[in-house]
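[1] Quick one: sequence plus predicted model below, questions after.
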Amino acid sequence: MAFEELQAEIASLLIRMNEQPHDIREVELMLREKLNEYRAFGMPLPADLVELEAALDAGLTMDEDSGSDNTS
């Protein structure tokens with residue numbers, strides 16, 4: 001896959017995340033996959049994508065914490 005195609009797919013996933021919040025987990029997984037492909041090209045992630053990944057990580061942690069609160 002060409003680098004430009006990968007960038008376009010990431011942009012498309014970000015749009016989908018906003019337009020289809022009910023599919024957010026699926027889109028998040030696909031986005032993480034694309035970020036890893038980006039790294040596979042040997043390119044460092046741009047700062048905005050690093051921030052996005054950190055936000056996704058923080059959101060996942062918050063979901064796990066709230067899930068454990070519901071089981072008490």
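    Noted; the coordinates are in hand.

[2] What residues does E51 make contact with?
    Listed by CB atoms under 8 Å, 6 or more residues apart in numbering, E51 has no contact partners. For every residue, glycine as well, the C-beta is placed using N, CA and C.

[3] Need the per-residue pLDDT for it.
    With respect to pLDDT, E51 has a value of 88.

[4] same question, L60
    As predicted, L60 sits at a pLDDT of 62.

[5] Could you do E33 as well?
    pLDDT, the model's per-residue confidence, is 90 for E33.

[6] What of the one 3 residues further on?
    The confidence metric pLDDT takes the value 88 at N36.

[7] Now it. Its backbone dihedrals?
    Summarising the backbone geometry of N36 under the convention degrees, to the nearest 10, its torsions are phi -70, psi -40.

[8] for M43, same thing?
    Dihedral angles of M43 (phi, psi; degrees, to the nearest 10) stand at phi -100, psi 140.

[9] quick one, helices of the chain?
    3-19, 24-40, 47-70 (DSSP state H).

[10] among the ones you listed, which is the most enclosed?
    Looking across the helices of the chain with neighbours counted as mean count of other CB atoms under 10 Å, the highest average goes to helix 24-40: a mean of 15.
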